[in-house]
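Trainee: Predicted model follows, preceded by the sequence.
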Amino acid sequence: MDPFAVSHFSDDALRHDLKTRVARDCTSTAVLLTRIAEFDERKLFRREGYSSMFSYCLHELHFSEDATYRYINTARTARRFPGVLVALADGRLHLRAVLMLTRHLTSGNADELVAAATHKTRAEIEQLLAQRFPQPDLPERLQAIPSPAPILTSATAQRDPLPTSSPSTGQPAAGLADQLAPEQVEATIPDRPVHVEAPLPLAARQLAPEQVESPALRDKMMPLAPGRFGLQSTVDQETHDLLQEAQALMSHQVRAGEIAPVLKCALKMWVGHLRKQKFAATDHPGPARPSTFTRHIPAAVKRAVWARDGGQCAFVSDTGHRCQARALLEYDHVEPVARGGEARAESVRLLCRSHNQYAAECTFGAEFMKRKRLEAQRGGHKGKGAGVLRSRISSLPAGP
């Protein structure tokens with residue numbers, strides 16, 4: 001029988017089947033969360049060639065961004081508070097409810113809050129949290145708000161097509177980014193009251209309510225067309241003044257008020273500086289300078305390793321998946337310095353911080369590395385990155 005066929009159901013049978021499947025789905029979701037939480041806790045994503053659980057869910061499990069945030073956050077909460085998992089399995093809480101409660105849950109109030117939120121809607125939970133955890137009033141402010149642009153539908157698009165660019169500047173037309181396609185649902189910022197001084201940008205309105213750890217709404221780069229991107233950001237006074245000064249200094253080269261050419265020029269200069277700082281990039285390499293520091297990696301080796309690995313984490317899983325991380329990259333000795341590793345191009349690789357730590361755990365043992373991290377934190381090195389810890393381990397004997 002076709003599992004998607006429904007016309008053969010009687011009304012009573014359809015109601016029974018629907019409720020049965022919802023109950024099964026609640027249980028299945030709770031079980032899935034336990035697997036995600038344990039996979040996350042063991043950091044098994046690293047062995048599979050991913051730098052984070054988010055990246056693994058997105059590219060290996062093929063969740064959407066919204067589902068990834070929703071599942072990971074709920075799984076971590078359920079791991080800390082088992083009563084949440086039971087409530088999810090029973091259908092007493094939905095995922096959204098857990099995300100709304102998460103920031104308020106403690107070992108002392110978890111059971112009470114779960115009970116209070118049972119079978120409540122989002123609006124009802126908002127009221128519950130406002131009563132239990134009151135927030136200060138928003139500041140009063142009066143500001144003119146432009147009239148909202150009409151919702152774009154297929155009919156209005158055919159009748160009144162919107163321009164894709166401004167005739168004078170070639171830039172995306174004002175207001176186009178604020179249009180919602182028919183299938184898009186307008187969402188609000190989750191879990192806190194928002195004082196809106198202007199229409200929310202498209203980036204904010206596309207966010208599903210379940211996102212609680214979503215990228216910052218103020219800084220967003222959105223693809224608009226092949227080779228064209230829309231950039232949205234909020235800057236401070238100093239940045240504003242620097243931008244205006246740069247525009248004035250480049251006034252013979254760019255049109256008045258243009259930002260993109262100034263930004264591009266500034267980024268070219270800054271990225272060049274960062275390349276030199278990060279992997280010793282230069283068009284005129286000088287002679288190598290000797291160093292007595294055993295962990296020192298010569299500039300020529302850094303350049304060769306960066307070029308060979310393509311500025312990307314070089315970790316490859318057993319299944320052949322290479323980590324795609326390009327952020328938080330670190331130079332790693334394939335054979336640890338403590339065991340005789342040398343700073344030669346063929347003996348050094350780029351690893352993201354997550355896989356650098358994973359490699360150390362494979363070499364010295366997870367418990368050993370965990371103990372050393374705790375010692376480093378207690379010693380005041382917290383926040384200085386993995387380099388401090390690697391330097392301290394480099395002097396250790398060959399065994400853990």
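Mentor: Yep, it's here.

Trainee: longest helix of the protein?
Mentor: helix 11-42 (DSSP state H).

Trainee: Check which residues of it are buried.
Mentor: Residues 26, 29-30, 33, 36-37, 39-40 are the ones in helix 11-42 that count as buried (16 or more other C-beta atoms under 10 Å). Bear in mind the C-beta positions are built from the backbone N, C-alpha and C, glycine included.

Trainee: Count the neighbours of residue 95 for me.
Mentor: 17 (other C-beta atoms under 10 Å).

Trainee: Please list all residues in contact with it.
Mentor: Neighbouring residues of residue 95 by C-beta atoms under 8 Å, 6 or more residues apart in numbering: 29, 70-71, 74, 88, 210.

Trainee: Quick one, which of the residues you listed has the minimum pLDDT?
Mentor: On pLDDT alone, residue 210 ranks lowest of those, at 35.

Trainee: chain center to the helix or strand encompassing residue 372: distance?
Mentor: Assigning secondary structure by DSSP states H and E places residue 372 in helix 366-376. Computed by C-alpha atoms, centre = their mean, to the nearest Å, the chain-centroid distance of helix 366-376 equals 26 Å.

Trainee: Give me the helices and strands touching that helix, please.
Mentor: In terms of contacts (3 or more C-beta pairs under 8 Å, 6 or more residues apart in numbering; DSSP states H and E), helix 366-376 is packed against helix 353-364, helix 386-393.

Trainee: Any idea which of these has the lowest pLDDT on average?
Mentor: The bottom spot among the helices and strands packed on helix 366-376, by mean pLDDT, belongs to helix 386-393, with a mean of 46.

Trainee: pLDDT below threshold where in the stretch 101-250 of the chain?
Mentor: Scanning the stretch 101-250 of the chain with the threshold set as pLDDT under 70 gives 138, 140-220.

Trainee: now do 50
Mentor: 151-218 (pLDDT under 50).

Trainee: One more: the stretch 301-400 of the chain?
Mentor: Within the stretch 301-400 of the chain, the stretches with pLDDT under 50 are 382-388, 391-400.

Trainee: Try it again at 70.
Mentor: 338, 380-400.

Trainee: circling back: what's the closest of the contacts of residue 95 to residue 250?
Mentor: residue 210 (43.7 Å; C-beta to C-beta).

Trainee: And the closest residue to residue 354 other than its chain neighbours, how close does it get to residue 69?
Mentor: For residue 354, ignoring the flanking residues on the chain, the nearest one in space by C-beta to C-beta, 6 or more residues apart in numbering is residue 51 at 4.4 Å. Shown here: residue 51 relative to residue 69, a distance of 17 Å by C-beta to C-beta, to the nearest Å.

Trainee: between these two, which one's more packed in?
Mentor: residue 51 (25 against 22).

Trainee: from the contacts of residue 95, which single one is nearest residue 2?
Mentor: residue 29 (25.0 Å).

Trainee: if I look at the closest one, how far off is residue 343?
Mentor: 49 Å.

Trainee: Count the residues that sit near residue 77.
Mentor: 22.

Trainee: Burial check on the closest residue to it other than its chain neighbours, number of neighbours?
Mentor: Spatially, and ignoring its direct neighbours in sequence, residue 77 is nearest to residue 102 (4.7 Å; C-beta to C-beta, 6+ apart). As a burial measure, residue 102 scores 18 neighbours (other C-beta under 10 Å).

Trainee: what's the answer for the one 4 residues further on, then?
Mentor: When neighbours are counted by other C-beta under 10 Å, residue 106 registers 9.

Trainee: And it, how close does it get to residue 80?
Mentor: Applying C-beta to C-beta, the value for residue 106 to residue 80 is 10 Å.

Trainee: cool, residue 354 as well?
Mentor: With distances taken as C-beta to C-beta, residue 354 is found 22 Å from residue 80.

Trainee: Show the contacting residues for the residue lying closest to residue 257 once chain neighbours are set aside.
Mentor: Spatial nearest neighbour of residue 257, chain neighbours left out: residue 247 (7.2 Å); criterion: C-beta to C-beta, 6+ apart. The contact partners of residue 247, by C-beta under 8 Å, 6+ apart, come to 254, 256-259, 262.

Trainee: Let me know whether residue 323 touches residue 329 as I believe.
Mentor: No. Residue 323 lies out of contact with residue 329 (C-beta atoms under 8 Å); the separation is 10.2 Å.

Trainee: More neighbours: which of these two?
Mentor: Between residue 323 and residue 329, residue 323 has the larger neighbour count (other C-beta under 10 Å), namely 25 against 22.

Trainee: residues contacting the more buried one?
Mentor: Contacts of residue 323 by C-beta under 8 Å, 6+ apart are 49-51, 312-316, 352, 355.

Trainee: Considering those, which is situated nearest to residue 302?
Mentor: For the contacts of residue 323, the nearest to residue 302 is residue 314 (13.8 Å; C-beta to C-beta).

Trainee: That closest one in helix, strand or coil?
Mentor: coil (DSSP: H, G, I helix; E, B strand; the rest coil).
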